[in-house]
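**Q** Curious how this folds, go ahead:
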Amino acid sequence: MIYYLFSCILVAVTSIVVGCFVFLKNTRAPVNRTWFVLTLSIGMWSFGYAMTLASSNMQEAMFWNRIVYTGAIFIPSTFLHFVLTLLNLTSHKKKLILTVYIGSIVFLFFIPTNLLIKDPVSILNTFRYFTRAGILYPFYVIFYITLSGYSLYKLFEMKNRFSGFQRNQIIYVIVASIIGFVGGSTNFALVMGVRIHPIGHPLVALYPIIISYAIVRHRLMDIRIAVTRTGIFVVVYSLVLGLPFAVAFWLKDWLIETFRASWWILPLGLMAALATVGPFIYIYLQRKAEDRLLADQRRYQDTLKQASIGMTRIRDLQRLLDLIAHIMTKTVRITYVGIYLFDAGSGEYVLQVSRDKGRLPVPKLASSNPLVNWLILKPQPLIYDEIKLRAQDSSDLAHKQLEENMRLLTAAVIIPSFLENRLLGFIVLGEKISGHIYTQEDLNVFQVLAGQAALAIENAQFYEEAKKMQEQIAQAEKMATIGTMADGLSHQINNRLYALSLIAGDTIDTIKLTDTTKCTPEVKEMIGQINYALERIQANVMQGGEVVRGLLKYSRQGDSGLDALDLHTILNNTLEMVQYKVKLSEIDIVRDFPPNIAKIKGNLTQLEEAFFNFIDNAYDAIVERRTLLKEAGYRGRITVSAYPKDEHLEIVVEDNGLGVKEADMKKIFTPFFTTKTSSHKGTGLGLYVIKRIITEMHKGQISFESDYKVGTRFIIQLPIAK
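**A** Reported below is the predicted structural model:
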């Protein structure tokens, strides 16, 4: 009786405490609410049994027996309601839920009569007031078994339609329900007159504990591991505790005869020895069992660890990303892998690799996306099942946005990849093909892999940038070499142009001195054409000479001394040179300053170089906007305005080109950075050199403003000549 009384109190307290805990954890969640009602029914049923056992008379026992069956009648109906809520089937089964509750209420009305339960009797000399079954009791048993069986059937049916956490959660409920109903069903025997002790009643205490764990805990242990650990624990500690009692029970007479008054030392010593070695036996058996159960998981985890070590040797970024995706899909056997990296040019996280041909992935995510902000704020893996539950159970907008983004990405897990405190990118993982959940060990290994991947990606990106920089430096050196050779080249070209000019001039003079009166009309026409051709040669030779002089003038460094310079002169000389690279007829050059504007204290050659770059860059931006936006009636315009400001002349060079993206604004004066996208991409040295000319050589200032798809303004301040 003491054993049964203790087990009844244990089940009652456990059910009510964990039920309240789950309910208070999230009072708005339907699963938590229905589970709370079910645990109240179980608690009432078991507490009633405890009070019945403690009753001192028939009337008191009958009162508590009615409490027992008030709880018992609602156990199957509340269990069905809980299961349908867990499986998201309540909207389709409203009539069924209403019907079973009506059935429970009908049975409730029969409790005060002798039709459901009769007056208590003494059974097995232990239970003084145990209720007997009435004529309707078999119908209640059928009601109980039918609803419980149907609920378990729905759990088994639906578990394969879910994956990951939800599937594991359903399996937990199935295991707990079987344990609970097997333990609780042993109470039916005595009521039906079968004289068997309800030894399984304590198992009911495990039922609410396991299910509450499955509801509250978002990262459930693999059910196979949970069952294995529990089984090993029960076996080991049954031996640890049971073997000494068995020795004491079966060998008591021999022990007393042999050891007399000290006979208890052997069982006690055996218990102490087993209690000492028991934990080691448990750990050993647990490790062996888990090694067999998780052989495949341990294998791919070891593979991922080895891969994370070796990937830092790969220099090619695309090859590295393909390798990471290949390892994840083939080794872990995942349905989908996507790798997103931060693109500094667009300021977005762009999909670089996608492994699943049947899926339409999201190509990019903005830096302001709630998912990205969450990963930066909480740098740890995101599990879709967890986020989905939190989104359902709370009114927090952040979780709902996370759930929506992860659903669009078809992500079961997202692993962020950080380099120091910078989110370099993230890896999107789909479900496992096996349907198993991602364990905590999996997530730990993935985080190690993501950390090593971040370092490897950074190395690969640095290698590629260094390679591009070397190419740009080589190109810049070529241009510098050409500039150095300009003096010699211009001399050689001028000599040949001079020779061509002399030859053409002498020939024209010869034609003019030749008497053509006796020539036929055809010959006269031919001589006229030759004369015209020679005149064109002379004109082009003159233009060629101007081009050579302009190149020579631009390539020479010029004196380091500063002179008083007129802004009109600087622009005239710049336009004279830039016309051979830029089609000035396609744009408008507007001078928005008076003719007598204050003169600048500066170096003519250096300032011509600066304005050459301004106009060249503006022209490229205009062409890019015309090509990209295709606006009707659009025409490029470069406006140069100026006005005195204190002791400086503030000059504004403004264009209506494509403009600069916000992500590129901070890098615009960085050496080797360029936004040009044409086949004649620049070296990225122009604006860097301009800044040095303005700030270091002329002690001025330069800044810029830009609106993407609107235009760019450069503001230069140069000292006024005194």
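**Q** Against the centre of this protein, work out the most remote residue.
**A** Relative to the centre of the chain, the most outlying C-alpha is that of residue 518, 92.5 Å out, by C-alpha atoms, centre = their mean.
**Q** Shouldn't that one be within a helix?
**A** No: using DSSP: H, G, I helix; E, B strand; the rest coil, the assignment for residue 518 is coil, not a helix.
**Q** how close does it sit to residue 524?
**A** Residue 518 is 10 Å from residue 524, where distance means C-beta to C-beta, to the nearest Å. C-beta: built from backbone N, CA, C; applies to glycine.
**Q** So, low pLDDT: which residues of the stretch 201-350 of the chain?
**A** Along the stretch 201-350 of the chain, the model assigns pLDDT under 70 to residues 218-227, 229-231, 234, 237-238, 241, 290, 293-314, 345.
**Q** Which stretches in it count as strands?
**A** Here the stretch 201-350 of the chain has its strands, by DSSP state E, counting those that start in this stretch, at 337-343, 348-355.
**Q** got it, and the stretch 401-550 of the chain?
**A** Going by DSSP E, counting those that start in this stretch, the stretch 401-550 of the chain shows strands at 413-419, 422-429.
**Q** Please convert those to a markdown table, extending it with mean neighbour count, mean pLDDT and distance to residue 387.
**A** Output for the strands of the stretch 401-550 of the chain, formatted as a markdown table (neighbours: other C-beta atoms under 10 Å; pLDDT from 0 to 100; distance: least, C-beta to C-beta, whole Å):
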| stretch | mean neighbour count | mean pLDDT | distance to residue 387 |
| --- | --- | --- | --- |
| strand 413-419 | 22 | 86 | 9 |
| strand 422-429 | 22 | 87 | 13 |
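**Q** want to throw these into TSV with distance to residue 158?
**A** Converted to TSV, those look like this (distance: least, C-beta to C-beta, whole Å):
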stretch	distance to residue 158
strand 413-419	23
strand 422-429	24
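**Q** Select, out of the ones you listed, the one closest to residue 327.
**A** strand 422-429 (11.0 Å; C-beta to C-beta).
**Q** hmm, who's touching that closest one?
**A** With C-beta atoms under 8 Å, 6 or more residues apart in numbering as the test, strand 422-429 has contacts from 324, 328, 332, 334, 336-342, 349, 352, 372, 375-376, 379, 409-418, 438, 446, 450, 453-454, 457-458.
**Q** Report the angle between that strand and strand 348-355.
**A** Interaxial angle, strand 422-429 versus strand 348-355 (axes from the mean of the first three to the mean of the last three C-alpha atoms, to 10 degrees): 30 degrees.
**Q** Parallel or antiparallel, list what pairs with strand 422-429.
**A** If you go by DSSP bridges, strand 422-429 pairs up with strand 337-343 (antiparallel), strand 413-419 (antiparallel).
**Q** Not counting its own residues, what contacts the last one?
**A** By C-beta under 8 Å, 6+ apart, the list of residues contacting strand 413-419 from outside reads 371, 375, 379-384, 406, 423-429, 438, 443, 446-447, 449-451, 453-455, 457-458.
**Q** Could you pull up the contacting residues of residue 115?
**A** 134, 135, 136.
**Q** got it, and residue 542?
**A** residue 501.
**Q** ok, now with 6 Å
**A** Contact partners of residue 542, counting by C-beta atoms under 6 Å, 6 or more residues apart in numbering, are absent.
**Q** Begin at 362 from now on, thanks
**A** Renumbered: residue one is now 362, and that last one reads residue 903.
**Q** Quick check, pLDDT for it.
**A** Looking at residue 903, its pLDDT reads 71.
**Q** same check, this time on the one 5 residues further on
**A** According to the model's per-residue confidence, residue 908 sits at a pLDDT of 56.
**Q** picking that back up, which one, of the strands paired with strand 783-790, ends up nearest to residue 948?
**A** strand 698-704 (31.2 Å).
**Q** list the buried ones in the closest one?
**A** Neighbour counts over strand 698-704 (16 or more other C-beta atoms under 10 Å) mark 698, 699, 700, 701, 702, 703 as buried.
**Q** What's the separation between the first one and residue 713?
**A** If I follow you right, that is residue 698. Per C-beta to C-beta, residue 698 is found 11 Å from residue 713.
**Q** Now do residue 390: how many residues are near it, please.
**A** By other C-beta atoms under 10 Å, the residues close to residue 390 number 18.
**Q** wait, what's in contact with residue 891?
**A** Taking C-beta under 6 Å, 6+ apart, one finds nothing in contact with residue 891.
**Q** Can you verify residue 1056 is assigned to a strand?
**A** No: according to three-state DSSP, the state of residue 1056 is helix, so it is not within a strand.
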